[in-house]
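> Sequence and predicted structure below; questions after.
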Number of protein chains: 2
Amino acid sequence: MAESMRGLHRSHRCTELSEKNIGENVTVMGWVQKSRNKGGIIFVDLRDRSGILQIIFEANDCGNENFTKAETLRSEFVIAVVGKVEARSGAVNENLATGKIEIRAKELRILSEAETPPFPIEEDSKTKEELRLKYRYLDLRRPDLQKNLILRSKVANVTRSFLTEEGFLEIETPMLTKSTPEGARDYLVPSRVHPGNFYALPQSPQIFKQLLMCSGYDRYFQIVKCFRDEDLRADRQPEFTQIDMELSFVDVDDVISVNERLLQKMFKESIGIDIPLPIQRMTYAEAMDRFGSDKPDIRFGFELKNVSEVVKGCGFSVFTNALEKGGSVRGINAEGQADMPRKKIDALVDFVKDYGAKGLAYLAIAADGSYKSSFAKFMTEEELSALVAAMNGKPGDLLLFAADEDEIVFASLGALRVEIAKNLGLLHKDEYKFLWITEFPLLEYSKEECRYTAKHHPFTMPMDEDLALLDTDPGKVRAKAYDITLNGTEIGGGSVRIYQNDIQEKMFEVLGFTKEAAYERFGFLLNAFKYGVPPHAGLAYGLDRLVMLMTQEDSIRDVIAFPKVKDASCLMTEAPNIVDDKQLKELGISIASEEM
Amino acid sequence: MAESMRGLHRSHRCTELSEKNIGENVTVMGWVQKSRNKGGIIFVDLRDRSGILQIIFEANDCGNENFTKAETLRSEFVIAVVGKVEARSGAVNENLATGKIEIRAKELRILSEAETPPFPIEEDSKTKEELRLKYRYLDLRRPDLQKNLILRSKVANVTRSFLTEEGFLEIETPMLTKSTPEGARDYLVPSRVHPGNFYALPQSPQIFKQLLMCSGYDRYFQIVKCFRDEDLRADRQPEFTQIDMELSFVDVDDVISVNERLLQKMFKESIGIDIPLPIQRMTYAEAMDRFGSDKPDIRFGFELKNVSEVVKGCGFSVFTNALEKGGSVRGINAEGQADMPRKKIDALVDFVKDYGAKGLAYLAIAADGSYKSSFAKFMTEEELSALVAAMNGKPGDLLLFAADEDEIVFASLGALRVEIAKNLGLLHKDEYKFLWITEFPLLEYSKEECRYTAKHHPFTMPMDEDLALLDTDPGKVRAKAYDITLNGTEIGGGSVRIYQNDIQEKMFEVLGFTKEAAYERFGFLLNAFKYGVPPHAGLAYGLDRLVMLMTQEDSIRDVIAFPKVKDASCLMTEAPNIVDDKQLKELGISIASEEM
């Protein structure tokens, strides 16, 4: 039977007690982590969010009734204990914050009994994730998940304090809004009052925050849920949280500056990591050229080298064919890896095939300077020496080459360098390397749709010096867009926005929107632009991913209280579920009969 | 043409400048509030979120080109001005924070031109709300709306700081969740991956926050959007914001204590109002008896008096009939209102009819002690004297009576006392009278459904002393539920929760849920209760309504950036709208053909 806590008041959380409290009478409450009877003394580890505290029950102190009750205690019982803080009689436990003290119990109340949980409540759980997610309320008791959610709360809090001090206002934007095309699929919400009409859940507050700038709010932020109905990956959820901001009367440098200070404060106050400022910046073009990626991991080297010029006349047709088709030949010097076994090299060749590459050419330089290579036989001695020299090849190095159209070469080698670093154990999770990527292309050409699409979004400002190219060579236009990356992951991104109606209309034109289509979708934004718009810019972070990196977890599910799994369902609540016909009828919708 | 701000950096917001800055060169940016040419000098009022600053352009200082540009300035143009701070040459403007200075312009850039807005951007707008909501981005430029949203941001910020200091963690709960019955209609979200299944948007994070307590998070809060698909009233929106909290190992007093300190801090730091603590408490029973309302406005008196005993044998059949049917006769003494014209009294009689009353009986006591009354002729002199005495009637007073079943008497007189106070101008918006209402009934009987329904929600704990009544007389059970009211409005409410599986199951039984039905809907909560639950309690505020009262607005639309109107649509974005057939097809739903 559950007892009442009437008359009792918790005086401390478990680890709020220390040697300073010895001699005090206290009341503590929490969960039984474990309980054991050792020679007539019952030892209980009491757990709460702060940690563990040892309680001892002896019949002499607590009386027979309490002692008998204490004998029934099992894991996960919720109890209240009144007792006295004492120096620990047994061995001090250096692993516990409270390892030098214990509570000698005088009174015990069993507030709630507990069945044996379906899996143990412990750090680094071996239990498979599905079971843990079904019993998420038990999984969330594990100290590592608690640590993650406490950190997440801290990050949000530090962010809000900092931005508030910097003059940002937190302004809530609607969740029930209008379906607009921003690349991903919308979640829709049927309207009961307007049958046949739908709200959409926001993919981001993009348009609303731009309108707030039009309205003169100057600096806006929001930590806000956004929604995308896409197929899930390890780092995606149907609903995710953004730290979203927008600033007026600023250009790229202003946004970067305030965000560098935000990141510095966030990492220092949340996990004690110093981020030296300024954070390194790199243009998109340089990032692709050197790392084959627009979010390069710069914790290690293995940079890409373009050797197209060096090999253009060589006898290896894989190289020369790629060049003739307008592609490139690029390589990575995996320094010191000349002895990599053939099997591992083959695994790397397989690895790059996922990125569209037909294969990898390799050349290992033995200690004696001789080559072991998949293509040496096709080249002259001079050609090989020139290639090795271009790659800064030294005895002991392993050179790996891809030859294909640029896109494939970048994707393959960009992923390959990370794979090699991973295999070599170079991806240290406690090393935090930030990098700004700037000057993204404004557009990318969609072969599927035979038109340009916005790389960032349709409100992104072209770089001043490229404006004229919008008419002549739109694919070359660079944007005032920037991403902030951490250890090879994009944690945030944003842009300076177009604030001139004429440029915005031209942008829609380049994207192939008719004026009517643009007005139908964004009419209120385009209309707003008629009444005086300040230059403005913004940025948004993915909070889930950011906290995942800060907690060094591999999945964002480990930093979300109630996450969904791959099929976008919640294993605990079993959402989504079927609903009453009455509800559907009220909404004026019906479930389409299954199509074959 | 829009000019670029390249090379310029805003140095100050408008009202960050004062006499201290005289002689400094500054760069300011903002909107033209108004512009006038007076004898070859152009005066511009520049506006930003901070306020207004005067700029003067003279051709001698800024050159002809800038001066010519300045001549084209019109309201709502966005400009950047470089100039020097000077003491105001003309008359000091005491109404402006910057009234003693002006900026002598050296350079002007027109960042954005503006058409004439469809209504003037001014305080206390006379423009009708529909037009303002259509052009919300312009409406939001008005200083009063800006003040409201800035205050709202402040309130949220103070709340978060306070709760964080008190050991609360902000933890996000899901937006895409399971449809559960909590009284109101859910907004549904069709699932694409599971056709025929639906998520529901949360009406509140109730169950999740209780689960977080089961998981040991100890103190949770969240400022979070909630959704109810109900027909709207002035103070309702389809999506609204709650300050939501839950605490473990606490009882009623603990929740009240932390919330009183929260309110005190919130009102002090946001609007400079001192709330003396402790806040007055009143039981539900007393509130109904004295004020006819569970959210009494205590800024004024006019309390209800039960005169049933006094009139029970009288000759006025309206009174005695009501008593015979089990009702009551109660009155209000509208002190000093004996001279209220008959027309106004008639209006009050009409007024109470909206609350189900058949009418009002009145008795005015003239200065000479004589009565003017609608029912005096039915009573003896003694009966009248006894009644007047019971009402503390003095010469000059007006006594008003209702006789009916209790529910109608309370509703009528409860509303009547507020109506009279309103007519007399006693509802001072700058007077903040808080009141806790406690000991709410656990259940209310639904005549419609012929069963008890939960007054608060099905997880509310009965009062310890009433537990046994659950079996014998459930309608009499009082709950550990509490509301916090301000000036007659409920701004928040909550309860201690049931944490014992047996009581929870009994509660469902009393509510007429089969065990199966209860498990189908709340199975994960009931299961969680098997593994050790702490006693816990919580409270939630309606942030929109709270800020409305703090800003002394009449509508929550005036404290929400992008509100919806009565039919739950957004006049600016025109959400909800129709969507592509492709989208519906992907979701496996179709629009039901209209039924006649």
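Right, received. Where do you want to start?
> pLDDT below threshold where in chain A?
A:1, A:181-183, A:233-235, A:593-596 (pLDDT under 70).
> Please identify the buried residues of the longest helix seen in it?
Looking only at chain A and at elements set by DSSP state H, the helix with the highest residue count is helix A:143-165. Of all the residues in helix A:143-165, those buried under the rule 16 or more other Cβ atoms under 10 Å in any protein chain shown are A:143, A:145-146, A:148-164. From N, CA and C alone the C-beta is placed, and that goes for glycine too.
> same thing with stretch A:163-177?
Applying a neighbour-count criterion of 16+ other Cβ under 10 Å, one finds A:163-164, A:168-177 buried in stretch A:163-177.
> Would you point out the most distant pair within those residues?
A:164 and A:176 (26.8 Å; Cβ to Cβ).
> Now find how far off-centre stretch A:151-168 is within its chain.
Between the centre of stretch A:151-168 and the centre of its chain there are 18 Å (Cα atoms, centre = their mean, to the nearest Å).
> Give me the contacts around it.
With contact meaning Cβ atoms under 8 Å, 6 or more residues apart in numbering or on different chains, stretch A:151-168 is reached by A:170, A:218-221, A:223, A:243, A:245, A:258, A:261-262, A:265-266, A:269-271, A:543, A:546-547, A:550-551, A:559, B:153, B:157, B:160-161, B:164, B:169-171.
> Now, of those residues, which are buried?
A:170, A:218-221, A:223, A:243, A:245, A:258, A:262, A:265-266, A:269-271, A:543, A:546-547, A:550-551, A:559, B:153, B:157, B:160-161, B:164, B:169-171.
> wait, does the following helix or strand past the longest helix of chain A contact chain B?
Next along the chain after helix A:143-165, taking DSSP states H and E as the criterion, comes strand A:169-170. Yes. Strand A:169-170 reaches chain B (Cβ under 8 Å from any Cβ of the partner chain) through A:169-170.
> helices or strands up against strand A:169-170?
Packing contacts for strand A:169-170, counted by 3 or more Cβ pairs under 8 Å, 6 or more residues apart in numbering or on different chains; DSSP states H and E, involve helix A:143-165, strand A:219-227, helix B:143-165.
> For whatever residue of the stretch 251-400 of chain A ends up closest to chain B, the count of nearby residues, please.
The minimum distance from the stretch 251-400 of chain A to chain B, using Cβ to the nearest Cβ, falls at residue A:251 (7.1 Å). Using other Cβ atoms under 10 Å in any protein chain shown, the number of residues around residue A:251 comes to 20.
> Where does the closest residue to it other than its chain neighbours sit, in terms of helix or strand?
Using Cβ to Cβ, 6 or more residues apart in numbering or on different chains and skipping residues adjacent in sequence, the residue nearest residue A:251 is residue A:496, 6.2 Å away. Using DSSP H and E, residue A:496 sits in strand A:489-496.
> Show me the domain layout of chain A.
Listed by automatic domain parsing, the domain ranges of chain A are A:14-112, A:146-282+A:434-560, A:300-423.
> Check the ones you listed for me and report the most buried one.
Most buried of the domains of chain A by mean neighbour count (mean count of other Cβ atoms under 10 Å in any protein chain shown) is domain A:146-282+A:434-560; its value is a mean of 20.
> Need the distance between the two termini of that domain.
Domain A:146-282+A:434-560 has an end-to-end distance of 11 Å (Cα to Cα, to the nearest Å).
> Please state the offset of it from the chain centre?
Centre to centre, stretch against its chain (Cα atoms, centre = their mean), the figure for domain A:146-282+A:434-560 is 15 Å.
> what's near enough to touch the residue lying closest to residue A:241 once chain neighbours are set aside?
Sequence neighbours aside, residue A:543 is the residue nearest to residue A:241 in space, at 4.2 Å (criterion: Cβ to Cβ, 6+ apart). When contacts are counted by Cβ under 8 Å, 6+ apart, residue A:543 touches A:152, A:155-156, A:223, A:240-243.
> And the longest strand along chain A, what does it pack against?
In chain A, with assignment by DSSP state E, the single longest strand is strand A:25-38. Applying 3+ Cβ pairs under 8 Å, 6+ apart, one finds that strand A:25-38 makes contact with strand A:41-48, strand A:51-57, strand A:78-87, strand A:101-112.
> Could you point out the helix or strand that follows the longest one?
Using DSSP H and E, the helix or strand that follows strand A:101-112 towards the C-terminus is helix A:129-134.
> what packs against that following helix?
Looks like helix A:129-134 contacts helix A:136-139 (3+ Cβ pairs under 8 Å, 6+ apart).
> For the helix it packs on, could you pull out the residues that count as buried?
A:136-139.
> Nearest to residue A:32 among those residues?
Looking across the buried residues of helix A:136-139 and measuring by Cβ to Cβ, the closest to residue A:32 is residue A:138, at 14.1 Å.
> got a list of what the closest one touches?
A:117-119, A:121, A:132, B:215, B:528, B:531.
> cool, and residue A:501?
Going by Cβ under 8 Å, 6+ apart, residue A:501 touches A:526, A:529-530.
> Let's see which of those end up in helices.
The helices, defined by DSSP H, take in residue A:526 from the contacts of residue A:501.
> Closest one to chain B out of the contacts of residue A:501, please.
Distance to chain B across these (Cβ to the nearest Cβ) is lowest for residue A:530, with 4.9 Å.
> Now for the residue lying closest to the closest one once chain neighbours are set aside, how many residues are close by?
In this structure, residue A:530 finds its nearest non-sequential neighbour in residue B:115, 4.9 Å apart by Cβ to Cβ, 6+ apart. Using other Cβ under 10 Å, residue B:115 has 12 other residues around it.
> Settle this for me: residue B:115 is touching residue A:531, isn't it.
Yes. Using Cβ atoms under 8 Å, residue B:115 is in contact with residue A:531, at 6.1 Å.
> Can you pull the phi/psi pair for residue A:314?
Residue A:314 has phi and psi values of phi -80, psi 180 when expressed as degrees, to the nearest 10.
> Now do it against residue A:385, distance only.
Residue A:314 sits 12 Å away from residue A:385, going by Cβ to Cβ, to the nearest Å.
> Also residue A:450?
46 Å.
> Can you lay out the contacts of residue A:138 as JSON lines showing distance to residue B:489?
Rendered in JSON lines, the data for the contacts of residue A:138 read as follows (distance: Cβ to Cβ, whole Å):
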{"residue": "A:117", "distance to residue B:489": "44"}
{"residue": "A:118", "distance to residue B:489": "46"}
{"residue": "A:119", "distance to residue B:489": "47"}
{"residue": "A:121", "distance to residue B:489": "44"}
{"residue": "A:132", "distance to residue B:489": "44"}
{"residue": "B:215", "distance to residue B:489": "34"}
{"residue": "B:528", "distance to residue B:489": "34"}
{"residue": "B:531", "distance to residue B:489": "40"}
